[in-house]
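A.B. asks: how would this look folded up:
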Amino acid sequence: MLRGGRSVLDGTLSYPVALTLFSAKTTGDSLRGRVHADSVDLALVEALSTKLRNSTGRLALDLTLSGAPDHPHVGGVASVRGGGIEVPDVGMRLSGITGEISVDAARDSLTVNQLRWTSPASGGGASLQGSVVFRDLTNPRLDLKLDARQFRMVDKRGLARLDVSTGASGLTLAGTPDEATLSGAVIVDRGTIFIPELVRKQIVDLTPDDLVVLEDGVAQKVDTFQEAVAPVSVVLALDASGSMIKAADGVRTAALSFVDALRPEDALSVLMFADASAFAHGMTTDRQQSIAAVNAYFARGGTALYDGLTDALMRLKQTTGRKVVVLLSDGRDEDNAGTGPGSARAQNDVFLALSETDALFKVNGNYVPDLARLYMETTGRAGFFETRVMPGSARAA
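C.D. replies: Presented below is the predicted three-dimensional model:
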């Protein structure tokens, strides 16, 4: 195989055959062959399976072929650097594929030397190591181990979106395909499973006349009525102050779960505040930007809570439709020393921005005075939601 006038893939094969005038017969002598490539396009593997698409990266090969024609032996090494590949059937995209596979011709075995890859969609990755003995080509013996951390295993609309990790000892597959044993633990870090029957089910139409709103037992007029199916503009505000250090892992987990749960049409902007407030990115439906921002989260410095909330509300003021601020914080505006305010703005600036924006607050944190007034003075447009995702005093929905 040539590229630019230079050979990138060489192959030779010697197959002894005895020729006569009217026949050709193998002589029983050994095969002799070799395949060599210093750097060939990984797209070559797509010829092996119609399930693979958009392969990138480089593949190096140095394989030899020997033995009888009815029982050949393969030996040598194959390595991948900077590889990427898609499996459309499950919506899986692998990148950064790196590793080496060695083949022992004497033992008819293949050894996977720490083949690694990452998952761009989740920021996680996985690795595979182990061996395959193929003396019996029809029933090889497997001894493989998979380790995964927040690996996007499935990402197919209408089916599921699952990020998984393996237990501390990984996931092992041992034995022959006919009698293999799979052992270990698989943890679903984040996931959504779509049930088509429910998604497509027709919902009964409702009108304002079908609803009765009571306050202290007295019927109230319904001024506004709409289905909550329109796209939502969301600012995810993350407290990145030093008081959140112990909760940092929980913040990332909760924030990534929230990003994953959004619908494709919902726009999201991620904001972080510590000594100052700053947007990681603007309003977008590109979830990769949000995932990258959350993965880059780290905690240090003071807590510019009021600046963060005001900036979030002012950003939403520029949008139309439904608007939500989701706040992950331990709930106190203060400087790094804890002796003064952390924001240039005051609490009243938050309420002014809220009155001009008409956004819904979802406050994830302790019920402390700095945040409690949001709930008391916004007629139910702010609420507190707590789970056990984050350790310590800070909690996230």
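
A.B. asks: Of all residues in the chain, which one is nearest the centre?
C.D. replies: S122 (1.4 Å; C-alpha atoms, centre = their mean).

A.B. asks: tell me the contacts of that residue?
C.D. replies: Taking C-beta atoms under 8 Å, 6 or more residues apart in numbering, we find S122 in contact with 150-152, 163, 190, 256, 291. (C-beta placed from N, C-alpha, C; glycine too.)

A.B. asks: and it, which of the three is it?
C.D. replies: Secondary structure state of S122, per DSSP: H, G, I helix; E, B strand; the rest coil, is coil.

A.B. asks: Could I get the full set of strands for the stretch 101-250 of the chain?
C.D. replies: Secondary structure of the stretch 101-250 of the chain (DSSP state E, counting those that start in this stretch): strands at 109-119, 124-133, 141-149, 151-156, 160-175, 181-193, 213-215, 218-220, 232-239.

A.B. asks: returning to what we had before: so for the contacts of S122, which is the shakiest by pLDDT?
C.D. replies: Lowest pLDDT within the contacts of S122 is found at R190 (79).

A.B. asks: Surely it is in contact with D260?
C.D. replies: Yes: using C-beta atoms under 8 Å as the test, R190 is close enough to D260 to be in contact (4.9 Å).

A.B. asks: Quickly list what's touching both of those two.
C.D. replies: Contact criterion C-beta under 8 Å, 6+ apart; residues shared by R190 and D260: 161, 163.

A.B. asks: so what's S183 up against?
C.D. replies: The contact partners of S183, by C-beta under 8 Å, 6+ apart, come to 171-172, 174.

A.B. asks: Most neighbours among the residues you listed, which one?
C.D. replies: Within those, neighbour counts (other C-beta atoms under 10 Å) peak at L171, which reaches 20 neighbours.

A.B. asks: Might one say that that one is in contact with G184?
C.D. replies: Yes: under the criterion of C-beta under 8 Å, L171 is in contact with G184, at a separation of 3.8 Å.

A.B. asks: picking that back up, can I get the contacts of S122 in JSON lines with neighbour count and distance to Y297?
C.D. replies: Formatted as JSON lines, the contacts of S122 follow (neighbours: other C-beta atoms under 10 Å; distance: C-beta to C-beta, whole Å):
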{"residue": "Q150", "neighbour count": "20", "distance to Y297": "14"}
{"residue": "F151", "neighbour count": "25", "distance to Y297": "20"}
{"residue": "R152", "neighbour count": "28", "distance to Y297": "19"}
{"residue": "D163", "neighbour count": "26", "distance to Y297": "17"}
{"residue": "R190", "neighbour count": "19", "distance to Y297": "16"}
{"residue": "L256", "neighbour count": "23", "distance to Y297": "10"}
{"residue": "I291", "neighbour count": "20", "distance to Y297": "11"}
